[in-house]
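A.B. asks: Give me a 3D structure for the following:
(one chain, ligands or ions: 1)
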Amino acid sequence: MDAARRQEPTTVTVTGAGGQIGYALLFRIAAGAMLGPDRPVRLRLLEIPQGVKAAEGAALELQDCAFDLLAGVEVTDDARTAFNGANIAMLVGARPRSAGMERADLLAANAGIFGPQGAAIGAVAADDVRVLVVGNPANTNALIAAASAPDVPADRFAALTRLDHDRATAQLAQATDAAASGIRGVTIWGNHSASQFPDVDHATVAGRAARDVLAERLGGADAAAKWLDEVYVPRVAGRGAEIISVRGSSSAASAANAAIAHIRDSVLGTGDGWTSAAVLSRGEYGVQEGLYSSFPVTSDGSGYRIVEGLDLDERARRRIDASVAELVAERDAVRALGAL
Ligand code: NAX
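C.D. replies: As a prediction, this is how the structure comes out:
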């Protein structure tokens, strides 16, 4: 019997498993891309009744792959069944904004999903559960889910900004003709929305300060600053909309890849760099305590911790404050709805 077979399977619950991100996610989890080549996984797929058939179809295909690490797949529309004993919960399914829907309606519809799912996690998940919220509005959905599971430490919940982080890294690599692997220290701050702040002030390109490399290429520090504000930040923050306009539907494979990277780095460690995730603020960098806001984070395998002590200039401060103000407004709106 090899080492993989001797380990107890890790239970991974994926909600919205019948959707497009789910379809791009499940096969890579089962192949070991998320938890490594020696950890068997048991998949639990949660869908609403209309989505169950699609998830069942994915489950049949998972079976057909004869994955060595896949210890089982179960499809359900019952949250308690889905989260029972879950070590990792990936909350992908959410209510999308439909035509004419007001923001308050969107927040209310999602509070109606993430509140009960958080409560189910609190009631039946494993003691070591870690939760990643992908479904939008991701930061506020994470806040609602965590508040609904008071017995689960709030820092076990996070929302996905890894896709934004990877986009920010890739755009900087492209602008500097560098390999993405040579880029370090990019940060996404704030909300996973158009107000996010993709920050390269502490980033390096092949070991050199990104701002210096950009200044050299663009003809000076002022030109680099202008490019960052007028091209780079809007390009990264608007990339989701660009994908929709070109592809005709929203990012799926790249979002799944980022969700896998988020969990992998949380569980296996970030190594010597940092990444970005929307995690619980305890007041770091002046972000109001209790919000789930994106920060630079590292993990030694035991979960994400915020990288502290970075200097923020006036421009960074202003952009972070604007994005955090949006998170405060979302929180206040769901509070007014009685969802918190
Ligand atoms: P799809 O519409 O393809 O799939 C969503 C699935 O969720 C559907 O099968 C639906 O039946 C299911 N679902 C809805 N309510 C559910 C519930 N209460 N319980 C279980 N399942 C439920 O969307 P997809 O493209 O997969 O996107 C999923 C979510 O990810 C959306 O909210 C989307 O906005 C969000 N995204 C978040 C990103 C991030 O970086 N945080 C990036 C990608 C993506 O836009």
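A.B. asks: Next, count neighbours for the closest residue to the ligand within the chain.
C.D. replies: At 1.9 Å from the ligand, Gly19 is the closest residue in the chain, using C-beta to the nearest ligand atom. Using the backbone N, CA and C atoms, a C-beta is placed for each residue, glycine as well. Counted by other C-beta atoms under 10 Å, the residues lying close to Gly19 total 22.
A.B. asks: wait, it sits on Val92?
C.D. replies: Yes. Counting by C-beta atoms under 8 Å, Val92 is a contact partner of Gly19 at 6.6 Å.
A.B. asks: other SSEs contacting the helix or strand containing Ala224?
C.D. replies: In this assignment (DSSP states H and E), Ala224 forms part of helix 221-227. Judged by 3 or more C-beta pairs under 8 Å, 6 or more residues apart in numbering; DSSP states H and E, helix 221-227 is in contact with helix 210-218.
A.B. asks: Mind listing what's buried along the helix it packs on?
C.D. replies: Residues of helix 210-218 classed as buried: 210-211, 213-215, 218 (neighbour count, 16 or more other C-beta atoms under 10 Å).
A.B. asks: ditto for stretch 327-340
C.D. replies: 327, 330-331, 333-334, 339-340.
A.B. asks: what's the most distant pair in these?
C.D. replies: Using C-beta to C-beta, the buried residues of stretch 327-340 span at most 14.8 Å, a distance reached by Leu327 and Ala339.
A.B. asks: ok but Gly135 is inside a helix, no?
C.D. replies: No. When DSSP: H, G, I helix; E, B strand; the rest coil is applied, Gly135 is found to be coil, with no helix at that position.
A.B. asks: Residue ranges of each domain in this protein, please.
C.D. replies: Domain segmentation of the chain under automatic domain parsing yields 3-159, 162-335.
A.B. asks: Skipping adjacent residues, who's closest to the spatially most central residue of the chain in space?
C.D. replies: Nearest residue to the geometric centre of the chain (C-alpha atoms, centre = their mean): Leu160, 1.2 Å. Nearest residue to Leu160 in three dimensions, chain neighbours excluded: Val134, at 4.8 Å (C-beta to C-beta, 6 or more residues apart in numbering).
A.B. asks: Does Val12 touch Ile29 like I think?
C.D. replies: Yes. Under the criterion of C-beta under 8 Å, Val12 makes contact with Ile29 at 5.9 Å.
A.B. asks: More neighbours: which of those two?
C.D. replies: A count of neighbours by other C-beta under 10 Å puts Ile29 above the other of Val12 and Ile29, at 26 against 23.
A.B. asks: pLDDT score for Leu43?
C.D. replies: For Leu43, the model assigns a pLDDT of 98.
A.B. asks: Beta-bridge partners for it, please?
C.D. replies: Val12, Val73 (DSSP bridges).
A.B. asks: how about it, what does it touch?
C.D. replies: 12-14, 26, 29-30, 59, 62, 70, 72-74 (C-beta atoms under 8 Å, 6 or more residues apart in numbering).
A.B. asks: need the contact list for the residue nearest to Ala125 when sequence neighbours are not counted.
C.D. replies: Leaving aside its chain neighbours, Ala125 sits nearest to Ala86 (4.4 Å; criterion: C-beta to C-beta, 6+ apart). Going by C-beta under 8 Å, 6+ apart, Ala86 touches 11-13, 44, 121, 124-126, 129.
A.B. asks: Using JSON lines, lay out those residues together with distance to the ligand.
C.D. replies: Putting the contacts of Ala86 into JSON lines (distance: C-beta to the nearest ligand atom, whole Å) gives the following:
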{"residue": "Thr11", "distance to the ligand": "17"}
{"residue": "Val12", "distance to the ligand": "15"}
{"residue": "Thr13", "distance to the ligand": "10"}
{"residue": "Arg44", "distance to the ligand": "11"}
{"residue": "Ile121", "distance to the ligand": "13"}
{"residue": "Val124", "distance to the ligand": "16"}
{"residue": "Ala125", "distance to the ligand": "15"}
{"residue": "Ala126", "distance to the ligand": "20"}
{"residue": "Val129", "distance to the ligand": "17"}
